[in-house]
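Colleague: Let's see this in three dimensions:
(one chain, ligands or ions: 2)
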Amino acid sequence: MDKRFDVIIVGSGAGGGTLARCLAPSRKNILILERGDWLKREAQNWDAEAVFQRNRYVSPDTWYDRDGQPFQPQVHYFVGGATKMFGAALYRLRHEDFGELRHHDGTSPAWPITYEELEPYYAQAELMYHVHGLRGHDPTEPPASGPYPCPPVSNEPRTQKLFDDLTAADYHPFPAPCAIMLDEQNMAYSTCIRCQTCDGFPCLVHAKADAEIVGVRPALTFPNVTLLRNAKAIKLETNAAGTAVTSVVAEVAGEKEVFRGDIIVVSCGAANTAKLLLMSASDKHPNGLANGSDQVGRNYMFHNSQAVLAISREPNPTMFQKTIALNDFYFGMEGFGYPMGNIQMTGKSLGPMYRGEKPLETALLPIGLLNELAQHAVDFWLTTEDLPDSQNRVTVDRSGNLTLSYTPNNQVPQQKLFEKLKSMLSHLGMHPEHLIPRNIYMKTAIPIAGCAHQAGTCRFGTNPKTSVLDTNCKAHELGNLYVVDTSFFVSIGAVNPSLTAIANAIRVGDHLLQRLA
Ligand SMILES: Cc1cc2nc3c(=O)[nH]c(=O)nc-3n(C[C@H](O)[C@H](O)[C@H](O)COP(=O)(O)OP(=O)(O)OC[C@H]3O[C@@H](n4cnc5c(N)ncnc54)[C@H](O)[C@@H]3O)c2cc1C
Ligand code: SF4
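Modeller: Ligands and ions are numbered 1, 2, ... in the order given. Reported below is the predicted structural model:
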């Protein structure tokens, strides 16, 4: 293989996979280096036991917490990255999230770009990722230049009842934005079959609009794009002056290989991008590449998330449950003047998931009992913003061991959101005393391991002293190094992060197309 490229993209998830698709028509010679392989299509894709109990698609990595305790992070190394497993809930950040927002525990800082600057790219991202939704029902919805590209996913009877009960109680539920290739008008031809194993599972029939399906595969139809799988970048090398990256050193099938590129884009996920930059320290960049500011790895965020299940008085046979959401408390509520966050549904819980999430507590319970519980479960996902804190950070030792130091913040609004939902249950046909916390997405009792929504380790900004990247997501200190995964986030808001990473990758793609022209 010719090892010199116009652009090298490291990592093929929401950021990298999207960028590859945007740059593909440029006719430039593009290499995608991806440490993972294709996620194999196999029966286990939709097997809750294999996915949730045996962690079939979770990397065997070991990371360390701030006390040096090892844990297995819930990261997924495949073509398409974490989007292979995602719940496909693709939200825009709120308009207010781009400004400074006062929270219970402090201030969520302003972004260096406005919502208006990102809006056209949000629209393109929604089109590219087949987002289904309906504008005009979410009271916190930011302004949009057009409707969603696809109609909202319909509610099944139990979810419709929940929607109606919430509306009757004067709340404002809305159709959740959903990136699945479902054609309800013509199910015989729909790629998506509307199944129960979507959120947290790979899609066996390739109907989830993930970064492999709508990013990498279409990019590979262009002859100038090459994907190298099982190729793990281990170091970036610079010119003698330290002003530009010249090559990516990668382990490919156990052998070290060097790829030279004019433009290098890192998109390994927030923790691994920080790791790669820190591991690329040199004489000119002694604290790690692009790290003169000492900001690389800092301000790690991953949301204060709570997965909870409520017990419905009537059975809940819903197949695809992730169709409604509620933002009435996003910015607070009467009696509590701070942002609390978003409530949405998760995928329908299944008996084997409980055992995967809480192995000790459920060890003695027969699976039949867990299945019965699942039959009455209505599953919610609560997201509260965690604030950037420079001490919440990724560091790497000389051997490449990754430490994730994280001290939770903004816990009071998280608890308020939980209590608020609990207080609403009896009006929603559920047992009010039964709002049971779950560890979905973490599948372990160690919260820090649930890094599904990781973001913020290389924030962008206008000041090179306080940020790693400029507003084009180019490293302040290097002329040709870009980052397009969720690392660039300044704050994380309280909605799922992917659409913002995707929209930003398209925005950076526009900039790079101009630069390459
Ligand atoms: C179970 C689950 C459910 C989720 N649900 C949602 C949801 O409903 N909505 C939402 O918005 N978000 C959701 N997310 C989060 C979402 O998937 C991530 O925010 C998003 O994928 C982040 O994109 P990224 O480009 O930053 O990283 P990733 O998508 O993780 O991509 C990083 C890529 O880099 C590769 N890589 C890492 N290190 C190297 C290296 N050294 N060399 C080469 N390649 C490397 C990885 O293998 C991976 O392919 C979910 C995540 C999980 C795990
Ligand atoms: S609901 Fe549709 S997109 Fe999701 S896993 Fe099932 S078939 Fe795939």
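
Colleague: my read is residue 319 is in a strand, agree?
Modeller: No - under DSSP: H, G, I helix; E, B strand; the rest coil, residue 319 sits outside any strand and is assigned coil.

Colleague: Can you give me the separation between the nearest residue to it once chain neighbours are set aside and residue 157?
Modeller: Nearest residue to residue 319, sequence neighbours excluded (C-beta to C-beta, 6 or more residues apart in numbering): residue 196, at 4.9 Å. The C-beta positions use only the backbone N, C-alpha and C, and glycine is treated the same way. Residue 196 sits 15 Å away from residue 157, taking C-beta to C-beta, to the nearest Å as the criterion.

Colleague: same deal with residue 100?
Modeller: In terms of C-beta to C-beta, residue 100 sits 43 Å off from residue 157.

Colleague: Looking at residue 196 and residue 157, which one has more neighbours?
Modeller: More crowded of residue 196 and residue 157, by other C-beta atoms under 10 Å: residue 196, with 18 against 11.

Colleague: Surely the more buried one and residue 350 touch.
Modeller: Yes - using C-beta atoms under 8 Å, residue 196 is in contact with residue 350, at 6.8 Å.

Colleague: Now for the closest residue to ligand 2 within the stretch 401-517 of the chain, how many residues are close by?
Modeller: Nearest residue of the stretch 401-517 of the chain to ligand 2: residue 498, at 14.7 Å (C-beta to the nearest ligand atom). Per other C-beta under 10 Å, the neighbour tally for residue 498 reads 28.

Colleague: Check residue 188 too.
Modeller: Residue 188 has 5 neighbours, counted by other C-beta under 10 Å.

Colleague: can you confirm it is in a helix?
Modeller: Yes - Residue 188 forms part of a helix when assessed by three-state DSSP.

Colleague: and it, how far is that from ligand 1?
Modeller: 27 Å (C-beta to the nearest ligand atom, to the nearest Å).

Colleague: For that residue, give me the pLDDT.
Modeller: What the model reports as pLDDT for residue 188 is 97.

Colleague: what's the answer for residue 231, then?
Modeller: Per-residue confidence (pLDDT) for residue 231: 98.

Colleague: Which strand residues bridge it?
Modeller: Note on residue 231: beta-bridge partners by DSSP bridges are residue 252.

Colleague: and stretch 400-416, anywhere near ligand 1?
Modeller: No - using C-beta under 6 Å from any ligand atom, stretch 400-416 stays clear of ligand 1, with a minimum separation of 10.2 Å.

Colleague: Can we start the residue count at 54 from this point?
Modeller: Sounds good: first residue 54 from here, last item stretch 453-469.

Colleague: First-to-last residue distance for that stretch?
Modeller: From its first residue to its last, stretch 453-469 covers 39 Å (C-alpha to C-alpha, to the nearest Å).

Colleague: what's residue 285 in contact with, if anything?
Modeller: Residue 285 makes contacts with 86, 88, 303-305, as judged by C-beta atoms under 8 Å, 6 or more residues apart in numbering.

Colleague: Which of those residues ranks first by neighbour count?
Modeller: Busiest of the contacts of residue 285 [other C-beta under 10 Å] is residue 86, holding 28 neighbours.

Colleague: residues contacting the residue nearest to that residue when sequence neighbours are not counted?
Modeller: In space, and not counting its chain neighbours, residue 86 is closest to residue 284: 4.5 Å by C-beta to C-beta, 6+ apart. Contacts for residue 284 (C-beta under 8 Å, 6+ apart) come out as 86-88, 303-305, 310.

Colleague: give me the number of residues near residue 373?
Modeller: With other C-beta under 10 Å as criterion, residue 373 counts 24.

Colleague: these two touch, right, it and residue 250?
Modeller: No - assessed by C-beta under 8 Å, residue 373 is found out of contact with residue 250, at 9.9 Å.

Colleague: shared neighbours of these two, anything?
Modeller: Contact criterion C-beta under 8 Å, 6+ apart; residues shared by residue 373 and residue 250: residue 400.
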